[in-house]
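>>> sequence plus predicted model, see below.
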Amino acid sequence: MKTYPLIILLGTMLLSWAIGFYFISIITTPTIIIPLFDGFLWMSEYKGFLGLPLLFTVLTAPVAFYIFKNRQRLLRKKTWYTVFSASQLFWIATIAAQLKIIAFNLGICH
């Protein structure tokens, strides 16, 4: 198994963190609005922009690094690529959620 899936995963992880920090520096309101399916949630800008990246970093990074470290001992390649695909799906969904929150708070989606 190659190392490029881990590099792609770390790239999307860093992209999500960069998006969060960038828009914290741009949006200067003390609270942001997070649109939900049936209402709205008011949060501080740090929790709103960096809450999801922190949650998924804590969940996906240790698992991905453990499986990457033990990739030679894995009997099936499907295990490594399944974990990579699931982690990548979480990060793409996180970036999409961040962009939705940002667009809503900038007034684009009102």
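That came through, no problem.
>>> got the buried residues for the top helix by length along the chain?
Secondary structure of the chain read by DSSP state H shows that its longest helix is helix 77-106. Within helix 77-106, the residues that qualify as buried are 80, 83-84, 87-88, 90-91, 94-95, 97-98, 101-102, 104-105, counting by 16 or more other C-beta atoms under 10 Å. Placement of C-beta: from N, CA and C, glycine included.
>>> mind checking the SS state of the nearest residue to Phe40 once chain neighbours are set aside?
Using C-beta to C-beta, 6 or more residues apart in numbering and skipping the chain neighbours, the partner closest in space to Phe40 is Ile33 (5.2 Å). Per DSSP: H, G, I helix; E, B strand; the rest coil, the secondary structure class of Ile33 is strand.
>>> likewise the one 5 residues further on?
Asp38 falls in the coil class when you classify it by three-state DSSP.
>>> how close does it get to Leu14?
For Asp38, the distance to Leu14 equals 33 Å [C-beta to C-beta, to the nearest Å].
>>> do Lys78 as well
According to C-beta to C-beta, Lys78 and Leu14 sit 27 Å apart.
>>> show me where pLDDT drops low in this structure?
Scanning the chain for pLDDT under 70 picks out the ranges 1-2, 74-77, 109-110.
>>> sorry, back to before: pick out whichever of Asp38 and Leu14 has more residues nearby.
In this comparison of Asp38 against Leu14, neighbours counted by other C-beta atoms under 10 Å, the higher total goes to Leu14 at 12 against 5.
>>> could you say which helix or strand holds the more buried one?
Using DSSP states H and E, Leu14 maps to helix 4-26.
>>> by how many degrees do that helix and strand 31-35 diverge?
130 degrees (axes from the mean of the first three to the mean of the last three C-alpha atoms, to 10 degrees).
>>> need the residues that contact helix 4-26.
Outside helix 4-26, the residues that touch it by C-beta atoms under 8 Å, 6 or more residues apart in numbering are 45-46, 49-50, 52-53, 56-57, 60-61, 64, 68, 80-81, 84, 87-88, 91-92, 94-95, 98-99, 102.
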